[in-house]
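K.L.:
Using only what follows, build the 3D model:
(4 chains)
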Protein chains: 4
Amino acid sequence: MEAIRIFITGGTFDKAYNEIKGELYFKDTHLPEMLKLGRCTLDVEIRTLMMVDSLEMTDSDRQMIVSNCKKVKEERIIITHGTDTMVETAKALAEANIDKTIVLTGAMIPYKFGSSDGFFNLGNSLAYAETLDNGVYVVMNGRYFNWDNVRKNRKTGFFEELN
Amino acid sequence: MEAIRIFITGGTFDKAYNEIKGELYFKDTHLPEMLKLGRCTLDVEIRTLMMVDSLEMTDSDRQMIVSNCKKVKEERIIITHGTDTMVETAKALAEANIDKTIVLTGAMIPYKFGSSDGFFNLGNSLAYAETLDNGVYVVMNGRYFNWDNVRKNRKTGFFEELN
Amino acid sequence: MEAIRIFITGGTFDKAYNEIKGELYFKDTHLPEMLKLGRCTLDVEIRTLMMVDSLEMTDSDRQMIVSNCKKVKEERIIITHGTDTMVETAKALAEANIDKTIVLTGAMIPYKFGSSDGFFNLGNSLAYAETLDNGVYVVMNGRYFNWDNVRKNRKTGFFEELN
Amino acid sequence: MEAIRIFITGGTFDKAYNEIKGELYFKDTHLPEMLKLGRCTLDVEIRTLMMVDSLEMTDSDRQMIVSNCKKVKEERIIITHGTDTMVETAKALAEANIDKTIVLTGAMIPYKFGSSDGFFNLGNSLAYAETLDNGVYVVMNGRYFNWDNVRKNRKTGFFEELN
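P.N.:
Numbers count the residues shown, from 1 in each chain, chains lettered A, B, ... in the order given. Down below sits the predicted model:
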């Protein structure tokens, strides 16, 4: 069992509800409590890189993610990420030719909503991160997609292969 | 992407609360609603074989599970199962030498309880079922265990390797 | 046991999450499912008057609420309402001198969020509507407030008496 | 606003899931976290008298509840109680002629189950405790019942009037 590194970047996954302002916002990541709830005994290290809506993620944010994936010692990495530009960040990571297994995942509904897919996606991406060969993958809808054969269908909200 | 067969056998996973009798019992499986909540687009077929507490599972129940794994056309199989005798059923399956990937999973807390690990375990086991080589595995606590190197620690409730 | 009329006007209470757009919005009211979950056997009739954020509620919306409270046959009325202008609508109702028990309630966190106060507030306001004398009341934080002695503290999110 | 005393006696309300033994049991009461979630600002004091299934409640347990209701300084009291013998305890309290408002409430499904009525019942019983005249009442299903005109229908799980 190899160690897994989880990088947090924000996205719907971690959105909380600000009851004073009446809007969704980012506070702290829910990952540690989720791993505890999943009774996970994998060797996992978490680091929060940023807490942003992926529509607002800049090129320099992406380079920061790439550089962190390079320099961290773990060879198996999960990145939690907003779904809207997940594929774009996957491309930036692939172009950097990092010899590791890198999995991007997220959620369509915030974890704290009763109907969220986040907890399922976390369990799913941990297993793909443990087992897939080196490469960059998007994990959503129970599946893994190669970084260059996936898009988010903005109408349905589901991820699908290009070919 | 290969099709995955899910066999339901009961266990804590699917326990519901009988409000008239004030006790836990088995009604219907929650798997279909869980797959929907997980927005899962894997090709999954579900069949309920039995709904029993795994402490009450008999040898003939186990033979029924083995025979279903053999005859079903899918080569990737998940079995939801009570945690107490999950390892015993894994052994029965391994001894039958079925040339498929068979994953047993369950939950420590019923899915319908707010604090259940079931939804996480389902996402986790789907990914392991998709990626692991032929063999029989127990998937709990975010990890997969080979059938002959795992036990449930009854004191802590966690699964652990023998060696 | 007298019949209770519930008028829905929207507010945080009924906000749902639009997973395609990634934002909160109004779809259908959750009141019927909440009454069922509460196993409520009171004689309750529900009508949706509007589904709006209370910051966007107009004077003509308020007059519509007033006129519905007047003409409905029930003498005990609950209005679900956004918290930001709940007191303003209470004032409009009080000025109309309707000889009924009218209770305004809402939620600080959408019902569908795990941490919502909505289900508690519904149980609370039903009992106040059943028992309080004719008048206009705001029910939040487990308490009832007379319409002319309450404000929402925008900093803390709690309702409090003026005097 | 008068202070309310809450006495905890156990019942379905507070049952938790023991994941090691795979059964429901009593640990700590959930009342403080429920009041916080309900954002309740009523003046409430909680004391746990016992944590028992109401089918196992003895006459001496009931006398202990009666004596606590007598000697506590608050004049408005809520007792959380298993539903099966709630009416019996209500009778014991009524026979003691305590000049206070005493409300017994409970839940058909444990609070920690997603589908519990407990949070609704708590909000409901707080309001009835605040507003009803001196007497002994059972509060379930959104309603209050006089102690001598109520029974639990064991087939349906709903409370109903005798006449």
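K.L.:
for stretch A:80-98, the distance to its chain's centre please.
P.N.:
Mean C-alpha position of stretch A:80-98 versus that of the full chain (CA atoms, centre = their mean, to the nearest Å) differs by 9 Å.
K.L.:
try stretch A:50-63
P.N.:
A distance of 13 Å separates the centroid of the chain from that of stretch A:50-63, by CA atoms, centre = their mean.
K.L.:
can you check stretch A:144-153 too?
P.N.:
14 Å.
K.L.:
Show me what that stretch is in contact with.
P.N.:
A:83-84, A:86-87, A:90-91, A:93-94, A:103, A:128, A:132, A:135-140, A:158-163, B:127, B:130 (CB atoms under 8 Å, 6 or more residues apart in numbering or on different chains). From N, CA and C alone the C-beta is placed, and that goes for glycine too.
K.L.:
how about a cut-off of 6 Å?
P.N.:
Residues outside stretch A:144-153 that contact it (CB atoms under 6 Å, 6 or more residues apart in numbering or on different chains): A:83, A:87, A:90, A:94, A:128, A:136-138, A:159-162.
K.L.:
Now, of those residues, which are buried?
P.N.:
A:83, A:87, A:90, A:94, A:128, A:136-138, A:159 (16 or more other CB atoms under 10 Å in any protein chain shown).
K.L.:
Farthest-apart pair in those, please.
P.N.:
A:Thr83 and A:Ala94 (17.8 Å; CB to CB).
K.L.:
got a list of what the residue lying farthest from the centre of chain A touches?
P.N.:
In chain A, the residue that sits farthest from the middle, by CA atoms, centre = their mean, is A:Ile20; the gap is 28.2 Å. By CB under 6 Å, 6+ apart, the contact set of A:Ile20 is C:Gly157.
K.L.:
Got the confidence number for it?
P.N.:
Predicted confidence (pLDDT) for A:Ile20: 93.
K.L.:
same check, this time on A:Asp59
P.N.:
At A:Asp59, pLDDT is 96.
K.L.:
Over to A:Met1?
P.N.:
On the pLDDT scale, A:Met1 gets 69.
K.L.:
coming back round to it: how far away is the residue farthest from the centre of chain A from D:Asn141?
P.N.:
Distance of A:Ile20 to D:Asn141, given as CB to CB, to the nearest Å: 34 Å.
K.L.:
is it true that A:Asn141 touches B:Val44?
P.N.:
No: counting by CB atoms under 6 Å, A:Asn141 sits too far from B:Val44 to count as a contact (11.4 Å).
K.L.:
Look up the closest residue to A:Asn121, ignoring the ones flanking it.
P.N.:
Residue nearest to A:Asn121 in three dimensions, not counting chain neighbours: A:Thr105, with 5.0 Å by CB to CB, 6 or more residues apart in numbering or on different chains.
K.L.:
Repeat that for A:Leu126.
P.N.:
Nearest non-adjacent residue to A:Leu126 (CB to CB, 6+ apart): B:Gly142, at 5.2 Å.
K.L.:
Tell me how far that neighbour lies from chain C.
P.N.:
Distance, B:Gly142 to chain C, by CB to the nearest CB, to the nearest Å: 22 Å.
K.L.:
Report pLDDT for that residue.
P.N.:
As predicted, B:Gly142 sits at a pLDDT of 98.
K.L.:
What's the local residue count around it?
P.N.:
25 (other CB atoms under 10 Å in any protein chain shown).
K.L.:
what residues are up against it?
P.N.:
B:Gly142 neighbours (CB under 6 Å, 6+ apart): A:38, A:40, A:42, A:126, B:124.
K.L.:
Tell me who's in contact with the residue of chain A found nearest chain D.
P.N.:
Among the residues of chain A, A:Gly114 lies closest to chain D, at 7.5 Å counting by CB to the nearest CB. If you count contacts by CB under 6 Å, 6+ apart, A:Gly114 has them with C:112, C:114.
K.L.:
Measure how buried A:Gly123 is and give me the count.
P.N.:
Residues contacting A:Gly123 under the criterion other CB under 10 Å number 30.
K.L.:
That one: what's it in contact with?
P.N.:
B:120, B:123-124.
K.L.:
ok, and the most crowded of the contacts of B:Gly142?
P.N.:
Top of those by neighbour count (other CB under 10 Å): B:Asn124, with 31 neighbours.
K.L.:
Isn't it up against A:Ala129?
P.N.:
No: counting by CB under 6 Å, B:Asn124 stays clear of A:Ala129, with 10.9 Å between them.
K.L.:
If we ignore the residues flanking it in sequence, what's nearest A:Thr89?
P.N.:
A:Thr89 sits nearest to A:Arg62 (CB to CB, 6+ apart), 5.5 Å away.
K.L.:
Hmm, A:Ala92 and the one you found touching each other?
P.N.:
Yes: using CB under 6 Å, A:Arg62 is in contact with A:Ala92, at 4.5 Å.
K.L.:
To what extent is A:Asn149 buried, counted in neighbours?
P.N.:
Neighbourhood size, A:Asn149 [other CB under 10 Å]: 12.
K.L.:
in which helix or strand would I find it?
P.N.:
A:Asn149 belongs to no helix or strand when elements are defined using DSSP states H and E.
K.L.:
Could I get the pLDDT score of it?
P.N.:
pLDDT, A:Asn149: 98.
K.L.:
same deal with A:Asn163?
P.N.:
In this model, A:Asn163 is scored at 86, pLDDT.
K.L.:
what does the average pLDDT come to for the lengthiest strand in chain A?
P.N.:
With DSSP state E setting the assignment, residue counts place strand A:44-52 as the longest strand in chain A. For strand A:44-52, mean pLDDT rounds to 97.
K.L.:
what's the distance between that strand and the middle of its chain?
P.N.:
Offset of strand A:44-52 from its chain centre (CA atoms, centre = their mean): 10 Å.
K.L.:
Mind giving me the packing neighbours of that strand?
P.N.:
strand A:4-10 (3 or more CB pairs under 6 Å, 6 or more residues apart in numbering or on different chains; DSSP states H and E).
K.L.:
what about A:His30, neighbour count?
P.N.:
A:His30 has 22 nearby residues by other CB under 10 Å.
K.L.:
An error on my part: the question was meant for A:Glu74.
P.N.:
Neighbours of A:Glu74 (other CB under 10 Å): 18.
K.L.:
Report the contact partners of the residue nearest the centre of chain A.
P.N.:
Centroid check for chain A by CA atoms, centre = their mean gives A:Thr80 as the closest residue, at 2.1 Å. Contact analysis of A:Thr80 by CB under 6 Å, 6+ apart lists A:8, A:13.
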